[in-house]
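J.: Just need the structure, nothing else, for what follows:
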Amino acid sequence: MANTVSAQQALTRLRAGNDRFVAAVAGDEILPTALAPGRLPEVQAPFATILGCSDARVPAEIVFDQGLGDLFVIRVAGNVVAPSQVGSVEFAAQQFNTPLVVVLGHSNCGAVAATLDALRNPTAEHSRNLAAIVDRIKPALHDLVELNDELDEPLLLRRCVQANIRASVARLLSGSTILEQRVADGLLHVVGAQYDLRTGVVSFLGDTLGRMDDAEQS
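T.: The predicted model follows:
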C-alpha cells in the first residue's frame with residue numbers, strides 16, 4: 001500500500017508530532033498518537049523513513065508522536081549507513097513510495113564519542129563488530145578533530161554529531177542508484193536531524209526542503 005503524502009507534508013507532520021511530544025514532556029495533558037485507540041493496522045503505508053541511532057532514549061515513533069504503521073524505522077548505533085541500511089531505505093521507497101528519509105542523530109551520541117576516542121587513541125582495541133561502526137564514522141570526524149583542538153569537549157562532540165549526521169545523509173544520496181534516481185525525479189528527499197536529549201526537540205539540519213534550523217548554526 002503506497003501513500004500519497006508529499007515530502008513537505010511528511011516533514012510538517014514530523015515537526016508537528018515532535019511539538020506535541022515536547023509539550024507532553026513539559027507536562028501537558030496530551031495523548032500520544034501511538035496510544036490512540038484503534039491503531040492496529042493490518043497493512044503499512046509509512047509516510048517517512050527514519051534512519052536513527054539505536055540509543056534507547058530516542059524511539060522515533062514516540063519523539064515524533066506517530067502511530068503504528070506511520071514510520072518505517074531503521075535503527076543502528078551512530079545512525080551509520082551500511083549496505084543493509086541502504087537496502088532498507090530502498091525497500092521503503094520502492095514498496096511504500098515513502099517521500100522522505102530522515103537521518104536522526106542525537107546529542108551526546110555514544111557511538112560518536114567512541115569514535116572520537118578511537119581517533120585520539122588509535123592503538124586502543126575494539127571488537128571487530130564495534131570497529132565496523134567506528135570506522136564508518138571516522139571519516140566525518142577526522143578533520144574536525146585535527147582542526148579543532150581548541151574547542152571545548154562538549155562543543156566538539158556537538159559538531160561531530162552533526163558532521164556524522166550529514167555524512168550519513170551524503171552516503172544515502174550517493175550510495176544507491178535507486179535512491180539517486182528517486183531524488184532526481186523529485187520522488188524522495190533525504191534530510192538530517194538532531195534530537196536533543198535534554199529538551200526532546202528535533203532540529204533539522206539544512207534540509208533539502210528549504211528550511212534551516214538553529215542546529216545548523218551551533
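
J.: make it CA atoms for all contacts and neighbour counts henceforth
T.: OK.

J.: So the most far-flung residue of the chain relative to its centre versus Thr199, what's the distance?
T.: Farthest-out residue of the chain from its mean C-alpha position, per Cα atoms, centre = their mean: Thr123, at 30.1 Å. Distance, Thr123 to Thr199, using Cα to Cα, to the nearest Å: 36 Å.

J.: can you tell me which helix or strand the residue farthest from the centre of the chain belongs to?
T.: Of the helices and strands defined by DSSP states H and E, none includes Thr123.

J.: just Glu125 next, same as before
T.: Applying DSSP H and E, one finds Glu125 in no helix or strand.

J.: Show me where this structure has its helices.
T.: 7-25, 60-63, 83-96, 110-120, 128-147, 153-174, 177-184 (DSSP state H).

J.: helices or strands next to the shortest one in the packing?
T.: Which is helix 60-63. helix 7-25 (3 or more Cα pairs under 8 Å, 6 or more residues apart in numbering; DSSP states H and E).

J.: Show me what the helix it packs on is packed up against.
T.: helix 60-63, strand 100-106.

J.: least reliable of the ones you listed going by mean pLDDT?
T.: Among the helices and strands packed on helix 7-25, helix 60-63 has the lowest mean pLDDT, at a mean of 94.

J.: Need the CA coordinates for that one. PDB is fine.
T.: Extracted in PDB, the C-alpha atoms of helix 60-63 (Å, rounded to 0.1, in the frame of the first residue of the first chain):
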ATOM      1  CA  ALA A  60      11.400   7.600  16.600                       C
ATOM      2  CA  GLU A  61       7.600   6.800  16.900                       C
ATOM      3  CA  ILE A  62       7.500   8.500  20.300                       C
ATOM      4  CA  VAL A  63       9.600  11.600  19.700                       C
END
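
J.: Please list the residues outside it that contact it.
T.: The contact list for helix 60-63, computed with Cα atoms under 8 Å, 6 or more residues apart in numbering, reads 17-18, 21-22, 32, 34, 50, 52, 67-68, 71, 73, 200.

J.: In JSON lines, list those residues along with pLDDT.
T.: Listed next are those as JSON lines, based on pLDDT from 0 to 100:
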{"residue": "Gly17", "pLDDT": "93"}
{"residue": "Asn18", "pLDDT": "94"}
{"residue": "Phe21", "pLDDT": "91"}
{"residue": "Val22", "pLDDT": "91"}
{"residue": "Pro32", "pLDDT": "66"}
{"residue": "Ala34", "pLDDT": "64"}
{"residue": "Ile50", "pLDDT": "98"}
{"residue": "Gly52", "pLDDT": "98"}
{"residue": "Gly67", "pLDDT": "88"}
{"residue": "Leu68", "pLDDT": "88"}
{"residue": "Leu71", "pLDDT": "96"}
{"residue": "Val73", "pLDDT": "98"}
{"residue": "Gly200", "pLDDT": "95"}
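
J.: Quick one: neighbours of Leu101, just the number.
T.: Check again: residue 101 is Val, not Leu. 27 (other Cα atoms under 10 Å).
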